[in-house]
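Peer 1: here is my input; please provide its structure:
(3 chains)
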Amino acid sequence: MDSGPALVALGGGLFVLGLLGVIVRRNVLVMLMCMELMLNGVNLLLVVFAQRGDSIAGGALVLLVFVVAAAEIGIAIPIVLLLARRRHTMELDAYTELQG
Amino acid sequence: MTSLLTLIVLLPLAGFLANGLFGNRLGNRFVSVVGCGLPLVAFAVTIQCFLDLQAGGTPLLDTVYRWATIGEHTFDVAFRFDRLTAVMTLIVTGVGSLIHIYSTGYMKEDASYARYFSYLNLFLFFMLMLVLGRSLLVLFVGWEGVGLASYLLIGFWFEDPDKARAGKKAFITNRIGDAGFLLGMFLLYQVLGTLDMDRINAAFIDGPQPAVSASLVGILLFIGACGKSAQIPLHVWLPDAMAGPTPVSALIHAATMVTAGVYMVARLSGIFMHAPEASALVAAIGVFTAFFAATVAIVQTDIKKVLAYSTISQLGFMFVAMGVGAYAVGIFHLYTHAFFKACLFLAAGSVIHAMGGEQDIRKMGGLARRIPVTFGTFAVATAAIAGLPPLAGFFSKDEILWYAFASDRGGATLLFVVAAGTALLTSFYMFRLLWLTFFGRSRMPAETERHVHESPPSMTGVLVVLAVLSAVGGFVPVPHYLEAMLPLPEVVEGRAALQTPLMFLSVALGIAGLLGAAWMYGGNAERAKRLAPTFATLHRLLSGKYFVDEAYDRLITRPLFWISDRVFLRVGDRALLDGSLHGLAGLGRRTAGTLARIQTGNLHLYAWLALIGIVAALAWSWPHG
Amino acid sequence: MDNLLLFLFGATALVSAASMLVLRHPMRVALALIATMLSLAGVYALLGVHVIAIFQVLIYVGAVMVFMVYVIMLTNVRDRSFTLRFSSLLLPGIAAALVLAGLFARLAAGGLPAAATTSAAGRFGVQSFSVAFITQYWLHFELVSVLLVAAVVAALAVVKVSRRAHG
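Peer 2: You can find the predicted model right below:
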């Protein structure tokens, strides 16, 4: 049985769930983790297509995505922590100063 | 040498620049020397050119440079010196220099001495460009330039708003005439392809008639002349122009600028000779203006205003001559008029100077013994303008009256009758002026009477020279000198015999005016005062100058103001233009305000919008593969 | 056998991911995410891309999620977002997500490229993959290392600024 379509559906589903999580969850850290979930979904899709298309490029890109995700987390979390220290809260609704 | 012509024109320009830029710093002595010296040099150069012309026979030509090339059309700046130009240039530089010298005395106390002389030199520059120009374009530059100089000089004492307004009035009235002038120029250029006046004349005289109505061009050009030479209906600026210094009135509004219209008609005689309708119009307006202005002059009480209306009247005479084809005679009258009118104005200035600024003749009287030189020159010039022989005015005026009667190109009995009536009035009001100013018992306030003194030699000297020229200038045979290029018209059959009787008639008219004025205003103007109530309505009409200014104000100025304010300002400018711009800006602001509401600062919203964007992009690209 | 394991791992990943959206405590969300990642690693291994599976565990679970867990432990999580889990855009978000999912499904139904002919293990084995990566994509590798340096510097700067701001 060809697992391809199922895996692609899984990857797409993970991506959609991640995006949904960014929109609906209030806690900032949870939002960050949902962004990681999105990246994982994309990675899965890349791997599936790389394996099926018999190409190294997809795999290389996945490695690069790993690195980018790590770098992103490395900066995003300190920023979130500093913001949280100011407002003493982790919910996103406290950070709406850039409006209008 | 042909570059002498350019020199004539440039000398006053140099004077303008020198006096304008350095006059204030270098003092009155410098200004006087430069301001009078350069026009005198120009006069000398003109004499040299005149001698060259006599020797050579052909007109001198000096092409200075190519002004513009537009496609295949080229426009040059060129000066041409033929007989007519010779007469005009000699008058302009000669009388102009004399008036410059007079001004050194008259304007000595004025704080803006340097500015005055720089403007005067500027005027001379433009006037010379006008008379020396070969093409209508160069003439028009000079035309506009003298208008500018006139405006600057009328409003010379601009701190007084009335004087400034007079300057504006002169300039604007001129511009209305210029519209007609420009249309005539355009028409000529379109048909003939050239604006050179000698070529235009040649096109009309020899060869087939150009495909344009000569009368139409003539009328259009004459409209311009009406503006510049103060003929009805554009005469209203000249009396107001008396607000300027008296030498300015003498130079610009008597001797030279206002004669530019007459010169232009004479210069383009080729057109007018083939335009009977236009010529008839010129003669009609000329004689009507002459009569009209003379009637107004009878009741004026300001010494300069009398002379202003007299100028308008005499210009009318010149146009009568032009209208009946006697172009050379009109120029002859221009020449004599320059002498006696300048003398009259300058003498009036001397009177005003003696009276400490008073210009109302009702407050004068008995000045003959106090300021004899001024009186003598004024009297000579008055006799000249009245047409008493053997003074200059007699010759020129008599010839005009003769041709008005007998020319085969438009002479008519009616024309002669009105012109003769005007001549009678001229003599009357001029002698009235002489009597009220100089004779009888003094009506001056005591303060003024104590300070009455004769003017300095710089002023009286010029007066004497001009008086002498007014006396003997008529013996110079100007019309015959010009006959080679401006042929005199033929005399109508059967009228030739009346020449001598009519000459006696014109002399009689002059003497009648003298006697009438003496009778009316002699003694202490008792008879005039007694007769005044009988003619009260007429007097009021004439004093109000037939209320022309008021009519113009009611019919033209106020509606224009109304339209400018109500329509153009409020509706056009504020509501439409500003409104649309403000509206656009407001629209931008409102749109930005509305769009800015998307930025709530809420990150969830942004992420959701990104999702919507992805959905939209995918949905759009779906059918397109 | 392989397919069964694949199905298991896939289901675990999906369920864990879904539960991330509803769990209250951030620590539990983090654990759910770790579960998802490990399941995905398993999927990768089953597909034969061992290198990627290894790096998934090493980098994602071992570094990123550990960091995440540290942070959650160090912060006070009992604030309003604990009780009020969802933002104001819950319903619109779900609606839009369903639409997107539908679009993806339609897209994917269009067809996929054919299955691989050669064994994936051959290509994606550690040695061959590594050699191919370093020889063909060494430039990308270097650039990414520059990116990491930039991230380190940025993190340092953020900390220093905050230290100066708060004494």
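
Peer 1: for whatever residue of chain C ends up closest to chain B, phi and psi?
Peer 2: Nearest to chain B in chain C, going by CB to the nearest CB, is C:Ser87, at a distance of 4.4 Å. (C-beta placed from N, C-alpha, C; glycine too.) Note on C:Ser87: backbone dihedrals following degrees, to the nearest 10 are phi -80, psi -180.

Peer 1: with adjacent residues omitted, what lies nearest to it?
Peer 2: Nearest non-adjacent residue to C:Ser87, counting by CB to CB, 6 or more residues apart in numbering or on different chains: B:His604, 4.4 Å away.

Peer 1: same question, B:Ser135
Peer 2: Nearest to B:Ser135 is B:Leu195, by CB to CB, 6+ apart, at 4.2 Å.

Peer 1: so what's the backbone phi/psi at the one you found?
Peer 2: Torsion angles, degrees, to the nearest 10, at B:Leu195: phi -110, psi 0.

Peer 1: ok so, going back, any idea how far the residue nearest to C:Ser87 is from A:Leu10?
Peer 2: 26 Å (CB to CB, to the nearest Å).

Peer 1: equivalent analysis for C:Ile72, please.
Peer 2: Going from C:Ile72 to A:Leu10 by CB to CB gives 27 Å.

Peer 1: tell me which of those two has more neighbours.
Peer 2: A:Leu10 (25 against 21; other CB atoms under 10 Å in any protein chain shown).

Peer 1: name the nearest residue to the more buried one, ignoring sequence neighbours.
Peer 2: In space, A:Leu10 is closest to C:Gly10, 5.2 Å off (CB to CB, 6+ apart).

Peer 1: quick one: low-confidence ranges for the chain?
Peer 2: Just going to use chain A. A:1, A:100 (pLDDT under 70).

Peer 1: can you look at chain C instead?
Peer 2: Residue ranges of chain C with pLDDT under 70: C:77, C:81, C:111, C:113-121, C:167.

Peer 1: chain B contacts on chain C?
Peer 2: C:87-89, C:92-93, C:96-97, C:99-100, C:103, C:106-107 (CB under 8 Å from any CB of the partner chain).

Peer 1: now do 10 Å
Peer 2: With CB under 10 Å from any CB of the partner chain as the criterion, chain C comes near chain B at residues C:86-90, C:92-93, C:95-97, C:99-100, C:102-104, C:106-107, C:110.

Peer 1: who does the longest helix anywhere in chain C touch, helix- and strand-wise?
Peer 2: Ranked by residue count and defined by DSSP state H, the top helix of chain C is helix C:138-165. Contacts defined by 3 or more CB pairs under 10 Å, 6 or more residues apart in numbering or on different chains; DSSP states H and E place helix C:138-165 against helix A:56-87, helix C:126-136.

Peer 1: and the contacts of the last one?
Peer 2: Residues outside helix C:126-136 that contact it (CB atoms under 10 Å, 6 or more residues apart in numbering or on different chains): A:56-57, A:59-60, A:63, C:49-52, C:54, C:121-125, C:140-141.

Peer 1: mind doing that once more with 6 Å?
Peer 2: A:56, A:60, C:51 (CB atoms under 6 Å, 6 or more residues apart in numbering or on different chains).

Peer 1: from those, which is closest to B:Trp435?
Peer 2: Set against B:Trp435, the nearest of the contacts of helix C:126-136 by CB to CB is A:Ala60 (120.3 Å).

Peer 1: and the pLDDT for the residue nearest the centre of chain B?
Peer 2: Centre of chain B computed as the mean C-alpha position; nearest residue by CA atoms, centre = their mean is B:Val258, 2.7 Å away. Predicted confidence (pLDDT) for B:Val258: 87.
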